[in-house]
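J.: sequence-free structure coming up:
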């Protein structure tokens, strides 16, 4: 996960959305999912406008959801052809785009609760142990204490 995190930190979301737009335009020459181009254009509009955490969260969720739809479309399509290659390429770029969107949300302080692509998220939990200074201590109300 650290390699993926490092790669996503070095990428520019606007460039990734331009790649999505180009792949969606080329795949439109055949029978392809119609939702990829509007999603990419929505992302470009979100980035062009004033940064809004709510819109960026929507973009991250929509990109992730259309990734699932792309997998279902590829499985239903079955046969390998020109369009399928571009839809597959678009699908392979989507996890990076979602990670970049989440990174930009976290950098602005408006992250998605429970979702983190940061390697320092474990240290942010706090707590130290003498034997394991990097370990986090988590206490739960009503949990049984071990001797």
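T.: That came through fine. This is a predicted model, so every value here is computed, not measured.

J.: which helix of this structure spans the most residues?
T.: helix 82-108 (DSSP state H).

J.: Show the average pLDDT along it.
T.: Helix 82-108 shows a mean pLDDT of 89.

J.: Output the contacting helices and strands for that helix.
T.: On a contact count with 3 or more CB pairs under 8 Å, 6 or more residues apart in numbering; DSSP states H and E, helix 82-108 meets helix 2-10, helix 13-27, helix 36-48, helix 53-77. In short, each C-beta sits where N, CA and C put it, glycine included.

J.: who wins for proximity to residue 90 among these?
T.: helix 13-27 (4.3 Å; CB to CB).

J.: list the buried ones in the closest one?
T.: Going by neighbour count (16 or more other CB atoms under 10 Å), the buried part of helix 13-27 is 13, 16-17, 19-21, 23-24, 26-27.

J.: export those to a markdown table and tack on pLDDT?
T.: Output for the buried residues of helix 13-27, formatted as a markdown table (pLDDT from 0 to 100):
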| residue | pLDDT |
| --- | --- |
| 13 | 89 |
| 16 | 92 |
| 17 | 92 |
| 19 | 94 |
| 20 | 94 |
| 21 | 94 |
| 23 | 95 |
| 24 | 94 |
| 26 | 94 |
| 27 | 92 |
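
J.: ok, so of the residues you listed, who is nearest residue 41?
T.: The closest of those, once distances to residue 41 are taken by CB to CB, is residue 21, at 6.6 Å.

J.: can you pull the contacts of that closest one?
T.: 37, 40-41, 44 (CB atoms under 8 Å, 6 or more residues apart in numbering).

J.: so how far is residue 78 from it?
T.: Residue 21 sits 26 Å away from residue 78, going by CB to CB, to the nearest Å.
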